[in-house]
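Undergrad: pasting the sequence and the predicted coordinates here, then a few questions.
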Amino acid sequence: MSDTFDLTRRQTFLASAALLAACSDRDGVGSVATDPELADYALTLMKASGTPGLTLAYGTGDQPSLNLNLGVTNAETLAPVIGTTLFPAASVSKLVFAYAVLLLSSDGSFDLDAPLKTHVKPAYLPAAADLDSITARDVLSHRSGLPNWVDDTPTWEDTGPLLRGKFRYSGEGYFWLQLAIETVTGVGLDTFMRKQLFEPAQMNSSAFIWGSQLAKRVAYGHESARVANDQGLRDVLHLVEPLADEWEKPLSTWTHEDWLAAAARVDPSGTHTKITFANAAASMVTTASDLYKCMRLLLPHSSLGPQLPASLHSQMTTPTVQVVAGLNYWWGLGCALEPRSKDHSLLGHEGNNGSYRAYAGMQTDTKKTLVVLTNGDHGHGVYERLARRLMEQDQLSFVANLNPNHELTDQ
C-alpha cells in the first residue's frame, strides 16, 4: 500500500513541477510574462481539475495579445506544451468546417438548400422519407432532426423522432454533410479544408487528419489526469499508414471511401459502413493561434483570410434556431449565439471529445476573442472560468447542459 501511495505522490509532484516549468514561452509565440497572474490562476485551475496541458490565445485585434502555453502534452513523459503543440478542437471543428462550406457555396459550387441525398445518402441511415429533404442549411443550424450520432442500420425507435426544424445537436448531420462535400468536390475532407480555408487563411498548423510525423506535435488525451487508454487516430496509424504507402496516397488525401477500403483490408471479416477518424464534426487538430485566426474571420471585413459575402456572413451569425426555449441562446449556421443587446453578442463553439475539451468565443462589439484548448476530460471547468475572467461575462452555454451535448426533445 505504501509503495502505491509513494508512486502516486511522486507522479503528482512531477506533474505539478512540469506545469510550473512549462509556464514560459518556448517558441516565440507570445509570453505568459504579459500576465503572470492569469498564468498562475490557469495553473491552479488545471491542477484542481486534473488538466495536464493547455494553450490559450486572447486579444481584441487580428493578432492575439496574449498566448499561454501551460503544462504537459503527456502526464507520463512530461513533455511541455509549446506554441506549436497541436490540440484537438473537438466540436469546435464544426464551426471551422461550416465556414469552409459557406465559402464553397458563395461561388455557387454548393447549394445550401438542396437535399443532401441528391449528392449522397449514407447506407447506414434508415430508409425514412423524413431524411430525404434534409439540407446543408438544416445540418449547419442543427435543425435536421438527426440525433448526435446513430449506430449502423438504426431504426427511429433507436434514435427518437426526427423533430425537424427544432434544435437537436447532431454530429451525424455534419458527417453526412462532409460526405456530400467530398462527393461534390471529389477530394477528401482534409484536402478540401486546406484548399478552401487553411491555406488562404494561413492556418498552417491545422488539419483534419494527421500522420505519424504530425502526431509528434499532438497532445495526448487524459482522463482523471492520466493518459487515456483511447487515443483515437494515434492508435490506428500503424495500421493505416502502410496502406497509404502501398496505395501511394497520403492519409491527408483520403476520402471516406478510402477509409472504408482501409477498414476492409485491416478487418476483412467485419462490416464497415462508417469510419470517422476524418470527421468534419470533431477531428480537427490545431493551435490556439490558428483557431484565433479563424474566429477573427467571423468579424466583417477581416483581413486575415477569405471573407464570406455579407449575406452569408449575416446568415452564419444571425440567430436561426433557439437552443433552449425561453432563453436568449441560439444557433446560426455553424456557431452558437447569445445576443445580449442590439450590438453585443457572444458567438463561438465549445468542444468535448472526452479526453479533450475546447473553447472558442468572441464578442461582436468589443471584439474580445478567446481560444482555449485542453487535453483533459475536465478541461471545460478551466476554460469556463478563464472565459469568465477574460471576457468579463458568463455564457448560458456553460450551464445549458451542452457539455456533454444533449438533445432537446421537449420544445
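TA: The structure has been received and is ready for your questions.
Undergrad: secondary structure element for the residue nearest to residue 382 when sequence neighbours are not counted?
TA: The shortest distance from residue 382 to any non-neighbouring residue, by Cβ to Cβ, 6 or more residues apart in numbering, is to residue 45 (4.4 Å). Where C-beta positions appear, they are placed from N, C-alpha and C, glycine not excepted. Element membership of residue 45 [criterion: DSSP states H and E] is helix 36-49.
Undergrad: chain center to whichever helix or strand comes after that helix, what's the gap?
TA: Sequence-wise, the next helix or strand downstream of helix 36-49 (DSSP H and E) is strand 53-59. When C-alpha coordinates are averaged (Cα atoms, centre = their mean, to the nearest Å), strand 53-59 and its chain have centres 15 Å apart.
Undergrad: so strand 53-59 versus helix 36-49, what angle?
TA: 140 degrees (axes from the mean of the first three to the mean of the last three Cα atoms, to 10 degrees).
Undergrad: what helices or strands is strand 53-59 leaning on?
TA: helix 36-49, strand 66-71, helix 288-296, strand 369-374, helix 379-391 (3 or more Cβ pairs under 8 Å, 6 or more residues apart in numbering; DSSP states H and E).
Undergrad: before we move on, the earlier item: what residues are up against the residue nearest to residue 382?
TA: By Cβ atoms under 8 Å, 6 or more residues apart in numbering, the contact list for residue 45 reads 51, 381, 382, 385, 386.
Undergrad: equivalent analysis for residue 138, please.
TA: 144, 145, 164, 173.
Undergrad: and for residue 335?
TA: 95, 98, 298, 316, 317, 347, 348, 349.
Undergrad: just to revisit the earlier point, out of the contacts of residue 45, who's nearest residue 370?
TA: Nearest to residue 370 among the contacts of residue 45 is residue 386, at 7.3 Å by Cβ to Cβ.
Undergrad: can you count the residues close to the closest residue to the closest one other than its chain neighbours?
TA: Of all residues beyond its chain neighbours, the one nearest residue 386 is residue 372 (5.7 Å), with distances taken as Cβ to Cβ, 6+ apart. Residue 372 sits with 29 neighbouring residues when counted by other Cβ atoms under 10 Å.
Undergrad: bridging residues for residue 372?
TA: residue 56, residue 359 (DSSP bridges).
Undergrad: give the contact list for it.
TA: 54, 55, 56, 288, 358, 359, 379, 382, 383, 386, 387.
Undergrad: in the stretch 51-200 of the chain, what spans have low per-residue confidence?
TA: Applying pLDDT under 70 to the stretch 51-200 of the chain flags residues 152-163.
Undergrad: my read: residue 182 touches residue 256, true?
TA: Yes - counting by Cβ atoms under 8 Å, residue 182 touches residue 256, with 6.2 Å between them.
Undergrad: which neighbours do those two have in common?
TA: Joint contacts of residue 182 and residue 256 (Cβ under 8 Å, 6+ apart) are 188, 189.
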